[in-house]
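After the sequence you'll find the predicted model.
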Amino acid sequence: LVSIINCAGISYTGPLEYLPMRMYRHQMQRRGRVVFVGTGGGVLTPAPGLLSAYMASKWAGEAFIQCLRMEMRLTGQRIDACMVNPGFIKPTGLVDAGKANVEKMWTTVPANAREEYEWLTDRFIKFSDDQPGTHPRFIAYAMEEALTASRPNLSYKVGPDSKASPFVGMLPTKLREWIVNASMFQVYDWTPQ
C-alpha cells in the first residue's frame, strides 16, 4: 500500500468500532500516505447553520488525521497523514445532490420544521448556487502534491474561499457569526455588545 485517499467516508470494510487493530496495522505498516478530503479551512472553518451533520463529519476527519499523523511520528512509523480542504468546487453534481437531499429531508420532518427553516434553506441554496467555485482539477493537483511531496503539509487548501475561511474562523465569535449569517443567509440583524 502506497497511499489511501478518502474522499467520502471511511474506506475500511467493517465497522470502525469493531475493526481489529491488526487489520489497521496490516494496512498501515508500509511507508505510505493517508489523505482525507475535508472542507474549507479545516477546523477553523466557521460552522454555519444547517450544516451540523456535514461539519461534524468533516471535523471528525480532521481530528482523525491529526491524531494519526502524531501517532505515526511518535512511534517512528513512516506514514504521513494530511487533509485536502476544498471550498466550493464546481462543476460537480454536489449542489444538485444537496438539493435532492433537502427535498428528501422535508418529507421526513414535521411540517412545522419546513415552516420554520425553509427560508434559511432556500437562502443557503441560493448562496451555494451563486458561488463561482473552483474547478475539480485543482483538487486533483492538491492530492497529487499531498501524495508526492517529500514532506507533506498537514492541510492543502483548494480555492480562494478555502484559503480565506480560516481567517474568518479566527475572528471574534459575534463578528464571525455575523459575517457567515450575512453572506450565506442574508441575515444582517446583529447588534454588537
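That came through, no problem. Predicted, not measured: the structure shown is a model, and the values here were computed from it.

for the residue nearest to Phe185 when sequence neighbours are not counted, what are its contacts?
Counting by Cβ to Cβ, 6 or more residues apart in numbering, Arg123 is the residue found nearest to Phe185 once chain neighbours are left out, at 4.7 Å. (Each C-beta comes from the backbone N, C-alpha and C, glycine too.) Contact analysis of Arg123 by Cβ atoms under 8 Å, 6 or more residues apart in numbering lists Met184, Phe185, Gln186.

what's the closest non-adjacent residue to the last one?
Here the nearest residue to Gln186 in space, its sequence neighbours aside, is Arg123; by Cβ to Cβ, 6+ apart that works out to 5.7 Å.

ok, Met184 touching Ile125?
No. Using Cβ atoms under 8 Å, Met184 makes no contact with Ile125, being 10.3 Å away.

Look at those two and report which has more neighbours.
Legend: neighbour count by other Cβ atoms under 10 Å for Met184 and Ile125, higher for Met184 (20 against 15).

got a list of what that one touches?
Met184 sits next to Pro48, Arg123, Phe124, Phe127 when contact means Cβ under 8 Å, 6+ apart.

Now that we have those, can you turn them into CSV and tack on pLDDT and secondary structure?
Putting the contacts of Met184 into CSV (pLDDT from 0 to 100; DSSP: H, G, I helix; E, B strand; the rest coil) gives the following:
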residue, pLDDT, secondary structure
Pro48, 85, coil
Arg123, 93, helix
Phe124, 88, helix
Phe127, 92, helix
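
Filter those residues down to the buried ones.
Pro48, Arg123, Phe124 (16 or more other Cβ atoms under 10 Å).

and which of those is nearest to Lys58?
Pro48 (12.4 Å; Cβ to Cβ).

So the closest one sits against Val180, correct?
Yes. Pro48 lies in contact with Val180 (Cβ under 8 Å); the separation is 5.0 Å.

so where's this structure shaky on pLDDT?
The chain contains residues with pLDDT under 70 at 1-31, 190-193.

can you give me the helices in it?
Counting by DSSP state H, one finds helices in the chain at the ranges 21-28, 52-74, 94-108, 111-130, 137-148, 160-169, 173-185.

Show the contacting residues for the most centrally placed residue in the chain.
Taking Cα atoms, centre = their mean, the centroid of the chain lies closest to Thr39, which sits 2.5 Å from it. Under the criterion of Cβ under 8 Å, 6+ apart, the neighbours of Thr39 are Thr45, Tyr54, Met55, Lys58, Asn85, Pro86, Gly87.

and which of those residues is nearest Ser150?
Of those, the one sitting nearest to Ser150 (Cβ to Cβ) turns out to be Asn85, at 20.9 Å.

ok, the closest one to Val35 distance?
Separation of Asn85 from Val35 (Cβ to Cβ, to the nearest Å): 11 Å.
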